[in-house]
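Participant: Show me the folded form of this:
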Amino acid sequence: MDDVDAVQAQIARNMLSSGDWVTARLDGVAYLEKPPLIYWMIAASYKVFGVHDWVARIPIAVSSIALCWLTAAFGAWAFGRRAGFYAGLCMSTCVGLWLFTRILIPDVMLTFTITLGIWAFLRVLDHEELHPRTWAAALAASLGIGLLLKSLIAVVFPIGAAAIYLLCTRQLFSARVWKRLHPFSGLAIILLIAAPWHILATLRNPPYFSFTMRSVPGEYHGFFWFFFINEQLLRFLNLRYPRDYNTVPRLYFWLLNLVWLFPWSVYLPAASRLSYRPIDRAGKTRLLALCWMGCVLVFFTFSTTQEYYSMPCYPAIALLIGSVMATNGRAVRGGTRVLSILCASAVVAAIAILVAVRHVPTPGDISAALSPHPAAYKLSLGHMEDLTLTSFAYLRLPLALAAVAFLVGTVGTLRPTRRSTYIAIAAMMVIFFQAARLAMVRFDPYLSSRPLVDALERSPKGGLIVNHHYYWFSSVFFYTDRTALLLNGRFNNLVYGSYAPDAPNVFLSDSQFQDLWLKPERYYIFSRASAVPDLEALVGKRQINTVEESGGKVLLTNHPLASAGSF
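Facilitator: Sure thing, here's the model as predicted:
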């Protein structure tokens, strides 16, 4: 749970315990980067079920289910029940939705609001719609809620897609269209939902207004500047400091959507044979889906990109795929044959790896067999580069289960394409996701500090220090619910808030750490194992006592424990 998961979970807990629902804080430091709705939802889950790591994931899980249902309902309205079912099936069993909802990020919630907004927009324009004003209000509400989830892109994407669609259909300047959209009452709804938090956050984190384009360390300009100029404008221009993010090459960003929508993306080429003429509800929906996809992908083509940034266009792609799957045409059957070949190849590859590692020993946890690439960790899938052939020896069970999944897919796609074929493909993905879940369990010591926290709780009380980056040991703060001093921790996400006038003095320099560590009081420090020689150089090897080591990370103390040895 280290990294962003425990960060989000701890911010929500801090809000719940402090009663401050406006300013997010980490270790007492203002964290002004993101809107608060996901924190509020996690805190509400805590209130109902108690504070646990699994409870923090409830809002994401519920939102994922809601998004799949919404996609199916949208598809049924546009294309009929069968196509709607297939669109929902595509959305619920594609790789991307599963993969990017393992992380506590609000993108699935954002995708839900965008999908709802775009469906509401289309229903407002529909001549057969009996309640256009209700759907216009739903459109505005989705935009307002989206602003509290992911800020301005929640408005840019649906409005951009709608504007392109209206331009393509020559309705952009139609008085009838704008009358049905009720833009003024819609704006009032958006402001009613989103404005209060933005105003309060500005007032509580002065200075109120600054418009400098300088983004440099050591300067604090309040919430308004950081949230709107630094985090929105300068990040889009790749001029933001701190530059605590990386970017996927543009071509990969586009092509990887074939992976994120796998296995259903094999049917996407067949969608080129569909009609996109806006002469009926189906044609209008397909055209709008193209505008929707284009708006998202082109926007990020000119900005910084992470792998999951394209998630808001998944429902658009799922709608097109569901529409074409219902036709069961020749191109669809060709896609099934391609998938059959891919699944068979995956079975062979999985078996080959299992044979190659059948005699490889598995001492300790999986971290011993990985090859760390810290430079890649700014990407959400950066840890994939750590995998080695030896590491698959620790993953024999999930790899075998994955082989079974792909075997189900191979057998299920050998027959002519029909409803049972699609059910078999969905079953393949359900089994594969279970295999991936088991693999993540094996990675837990590497990705979480929970084993170190368990050792800390069995040890005598003492002060806590984290070596360097808060995110590297964020689960320590969540599982202990304690603050800690950060050794050289004025880094990335905590840089800006650390210069606020009310920022707590939780940052240690090397000399301050030396003074604390050599005192008679007990202190503990969480560190990566690779950084231990640097700590030894600061305080001496005899002052470093190991309490626990797990997943390439260690818990050290300055005074020996009866059960602890020397590192």
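
Participant: Quick check: closest non-adjacent residue to residue 226.
Facilitator: Nearest residue to residue 226 in three dimensions, chain neighbours excluded: residue 32, at 5.0 Å (CB to CB, 6 or more residues apart in numbering). From N, CA and C alone the C-beta is placed, and that goes for glycine too.

Participant: Relative to residue 478, how far out is the one you found?
Facilitator: Between residue 32 and residue 478 the computed distance is 20 Å (CB to CB, to the nearest Å).

Participant: The two: who's more crowded?
Facilitator: Neighbours were counted for residue 32 and for residue 478 using other CB atoms under 10 Å; residue 478 has more, 28 against 22.

Participant: Name the nearest residue to that one, ignoring sequence neighbours.
Facilitator: Nearest one to residue 478, counting by CB to CB, 6+ apart, is residue 6 at 4.2 Å.

Participant: wait, that neighbour sits on residue 480?
Facilitator: No: contact criterion CB atoms under 8 Å: residue 6 and residue 480 do not qualify, at 10.8 Å.

Participant: more neighbours, the two?
Facilitator: Neighbour count, other CB under 10 Å: between residue 6 and residue 480, residue 6 has more, with 27 against 14.

Participant: residues contacting that one?
Facilitator: For residue 6, the contacting residues are 53, 474-475, 477-479, by CB atoms under 8 Å, 6 or more residues apart in numbering.

Participant: Tell me which two in these are the farthest apart.
Facilitator: Farthest-apart pair in those is 53 and 477; separation 12.4 Å (CB to CB).

Participant: who's more crowded, these two?
Facilitator: The residue with more neighbours, out of residue 53 and residue 477, is residue 477; 24 against 16, by other CB under 10 Å.

Participant: Double-check the more buried one against residue 28; I have them as touching.
Facilitator: No: the pair residue 477 / residue 28 is not scored as a contact, 10.7 Å apart, by CB under 8 Å.

Participant: which residues are in contact with both of these two?
Facilitator: Between them, residue 477 and residue 28 have residue 483 as joint contacts when contacts are counted by CB under 8 Å, 6+ apart.

Participant: Any idea how far apart the tips of stretch 193-213 sit?
Facilitator: End-to-end span of stretch 193-213 (CA to CA, to the nearest Å): 29 Å.

Participant: try stretch 254-266
Facilitator: Using CA to CA, one end of stretch 254-266 lies 15 Å from the other.

Participant: thinking again about what came up before, what's the closest of the contacts of residue 6 to residue 429?
Facilitator: Looking across the contacts of residue 6 and measuring by CB to CB, the closest to residue 429 is residue 53, at 25.2 Å.

Participant: how far away is the closest one from residue 447?
Facilitator: Here the criterion is CB to CB. By it, residue 53 lies 12 Å from residue 447.

Participant: Next: residue 359.
Facilitator: From residue 359 over to residue 447 (counting by CB to CB), the distance is 27 Å.

Participant: what about the two, which has more around it?
Facilitator: Between residue 359 and residue 447, counting by other CB under 10 Å, residue 447 is the more crowded of the two (17 against 7).

Participant: The more buried one touches residue 551, doesn't it?
Facilitator: Yes: counting by CB under 8 Å, residue 551 is a contact partner of residue 447 at 7.3 Å.

Participant: quick revisit: ok, of the contacts of residue 6, which one's closest to residue 494?
Facilitator: Nearest to residue 494 among these is residue 474, at 11.1 Å by CB to CB.

Participant: neighbouring contacts of the helix or strand where the closest one lies?
Facilitator: Residue 474 belongs to helix 474-480 when assigned by DSSP states H and E. Helix 474-480 has contacts (CB under 8 Å, 6+ apart) with 1-7, 9-10, 13, 26-27, 53, 448-450, 452-453, 456-457, 464, 466, 470, 483-484, 526.

Participant: Which of these fall within strands?
Facilitator: 26, 464, 466, 526 (DSSP state E).

Participant: for this structure, what's the longest helix?
Facilitator: In the chain, ranked by residue count with DSSP state H as the criterion, the top helix is helix 419-447.

Participant: same for that helix, what does it pack against?
Facilitator: Packing partners of helix 419-447 (3 or more CB pairs under 8 Å, 6 or more residues apart in numbering; DSSP states H and E): helix 81-92, helix 95-100, helix 330-356, helix 396-412.

Participant: would you say residue 248 is within a strand?
Facilitator: No: counting by DSSP: H, G, I helix; E, B strand; the rest coil, residue 248 is not found in a strand; it is coil.

Participant: Wait, it touches residue 310, no?
Facilitator: No: applying CB under 8 Å as the test, residue 248 and residue 310 come out as separate, 9.6 Å apart.

Participant: higher neighbour count, the two?
Facilitator: residue 310 (26 against 20).

Participant: what's the pLDDT at the nearest residue to that one once chain neighbours are set aside?
Facilitator: Counting by CB to CB, 6+ apart, residue 310 lies nearest to residue 257, which is 5.6 Å off, once chain neighbours are set aside. According to the prediction, residue 257 has pLDDT 92.

Participant: count of residues packed around residue 257?
Facilitator: With other CB under 10 Å as criterion, residue 257 counts 23.

Participant: gap between it and residue 265?
Facilitator: For residue 257, the distance to residue 265 - CB to CB - is 7 Å.

Participant: Could you tell me the end-to-end distance of stretch 236-243?
Facilitator: Start-to-end, stretch 236-243 (CA to CA) is 12 Å.

Participant: Name the residues of the helix or strand hosting residue 536 that are buried.
Facilitator: Applying DSSP H and E as the criterion places residue 536 in helix 532-539. By 16 or more other CB atoms under 10 Å, the buried positions in helix 532-539 come out as 532, 535, 538-539.

Participant: quick one: residue 42 from residue 276, how far?
Facilitator: Looking at residue 42 against residue 276, where the rule is CB to CB, the gap reads 40 Å.

Participant: can I assume residue 7 is in contact with residue 471?
Facilitator: Yes: using CB under 8 Å, residue 7 makes contact with residue 471 at a distance of 6.4 Å.

Participant: Off-centre distance for the worst-scoring helix or strand of the chain on mean pLDDT?
Facilitator: The helix or strand of the chain with the poorest confidence is helix 235-236; it has a mean of 80 (mean pLDDT, DSSP states H and E). Chain-centre distance of helix 235-236: 18 Å, with CA atoms, centre = their mean, to the nearest Å.

Participant: before we move on, back to that, filter the ones in strands among the contacts of helix 474-480 down to just the buried residues.
Facilitator: 26, 464, 466, 526.

Participant: can I get these in a markdown table with pLDDT?
Facilitator: Formatted as a markdown table, these follow (pLDDT from 0 to 100):
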| residue | pLDDT |
| --- | --- |
| 26 | 93 |
| 464 | 95 |
| 466 | 94 |
| 526 | 95 |
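
Participant: for the closest residue to residue 334 other than its chain neighbours, phi and psi?
Facilitator: Residue nearest to residue 334 in three dimensions, not counting chain neighbours: residue 270, with 7.4 Å by CB to CB, 6+ apart. Note on residue 270: its backbone torsions stand at phi -70, psi -20 [degrees, to the nearest 10].

Participant: Same question for residue 557.
Facilitator: Dihedral pair for residue 557: phi -140, psi 160, per degrees, to the nearest 10.

Participant: Please report the number of neighbouring residues for it.
Facilitator: Number of residues near residue 557 (other CB under 10 Å) recorded here: 21.

Participant: now residue 550
Facilitator: The number of residues packed near residue 550 is 21, by other CB under 10 Å.
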